[in-house]
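Visitor: Give me coordinates for this.
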Amino acid sequence: MMHNTFRIIAALAALGVPSMAQAAEPRVWPEPTAPAIAGSSGYVEIPGAAIARSTKRRYKALFDAATGAPDPAKPLPAFGRVALQLNGLIAAKVPPSHIIFAMILHGPAGDAVLNDAEYRKKYGIDNPNKAIFNALRQAGVRMLVCGQWAAARNIARDQMLPGVEVAEAATLVQITYANAGYAVLYN
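Guide: Residues are numbered from 1 along each chain as shown. The predicted structure follows:
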């Protein structure tokens, strides 16, 4: 009987299934902080980080989102990236005046700002992005969508989530923000 048990454990290990001993390993990194942005994950504090957050630094970033969600029933991953950075800066008590974030959505990512009626027409469900979109806006993130994307698809402003601003073009937003000293981060 014991011989069979060892055989089963060995077979499972060969398949990459962790044993009870492996599953009980202590965490190497601290637990994530509680997220400040609803619908997102917490931020892991990295002790002794080579480059760490500072309450004295100003964080200016434009997040560029062109890739749509792999599953239209789930929020756009790019929203999670913005929320993660906000969660980390908020956890470090960086003053809100030192966090200046904007986001430009275009291409397939543009669907994330469709209102429920339009999202339902395309995907058969209400827009799952509303909660995190609104949480990011409430945290001060300027939300922009490419006007060229909207024009090419004949999407009117009232077919989009309230609070999204229609820019002339995503590329123009990227250039403008880069010229103003923002880090432009592509998703």
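Visitor: contacts, neighbours, all on C-alpha from now
Guide: Will do.
Visitor: after the longest helix along the chain, next one along is what?
Guide: Ranked by number of residues, the top helix in the chain under DSSP state H is helix 77-91. Toward the C-terminal end, the helix or strand that comes next after helix 77-91 (DSSP states H and E) is strand 99-105.
Visitor: Give me every residue in contact with the helix or strand hosting T176, excluding its own residues.
Guide: Using DSSP H and E, T176 sits in helix 170-179. Helix 170-179 has contacts (CA atoms under 8 Å, 6 or more residues apart in numbering) with 62, 64, 104-106, 145-148, 167, 183-184.
Visitor: cutoff 10 Å now
Guide: Helix 170-179 has contacts (CA atoms under 10 Å, 6 or more residues apart in numbering) with 60-66, 102-107, 144-149, 167, 180, 182-185.
Visitor: Hey, what's the angle from that helix to strand 99-105? Just curious.
Guide: Note on geometry: by axes from the mean of the first three to the mean of the last three CA atoms, to 10 degrees, helix 170-179 and strand 99-105 are set 160 degrees apart in direction.
Visitor: Among the contacts of helix 170-179, which ones are in helices?
Guide: Those of the contacts of helix 170-179 lying in helices (DSSP H): 147-149.
Visitor: Check the residue at minimal distance from the centre of the chain and give its pLDDT.
Guide: Centroid-nearest residue in the chain, with CA atoms, centre = their mean: G80, separated by 1.8 Å. Per-residue pLDDT puts G80 at 97.
Visitor: So for it, what's the nearest residue that isn't a sequence neighbour?
Guide: Counting by CA to CA, 6 or more residues apart in numbering, S40 is the residue found nearest to G80 once chain neighbours are left out, at 5.9 Å.
Visitor: same deal with E45?
Guide: P30 (6.5 Å).
Visitor: hmm, back to that, please state the offset of the longest helix of the chain from the chain centre?
Guide: Between the centre of helix 77-91 and the centre of its chain there are 6 Å (CA atoms, centre = their mean, to the nearest Å).
Visitor: Between strand 99-105 and it, find me the angle.
Guide: On the basis of the same axes, to 10 degrees, helix 77-91 is oriented at 180 degrees to strand 99-105.
Visitor: Now helix 77-91: buried residues?
Guide: 77-80, 82-91 (16 or more other CA atoms under 10 Å).
Visitor: Then stretch 90-107?
Guide: Buried-residue list, stretch 90-107, by 16+ other CA under 10 Å: 90-91, 94, 99-107.
Visitor: could those residues go into CSV alongside pLDDT and distance to A34?
Guide: Output for those, formatted as CSV (pLDDT from 0 to 100; distance: CA to CA, whole Å):
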residue, pLDDT, distance to A34
I90, 97, 10
A91, 96, 8
V94, 98, 16
I99, 98, 19
I100, 98, 21
F101, 98, 21
A102, 98, 23
M103, 98, 23
I104, 98, 26
L105, 98, 27
H106, 98, 30
G107, 98, 32
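Visitor: Right, I'll call it a day here.
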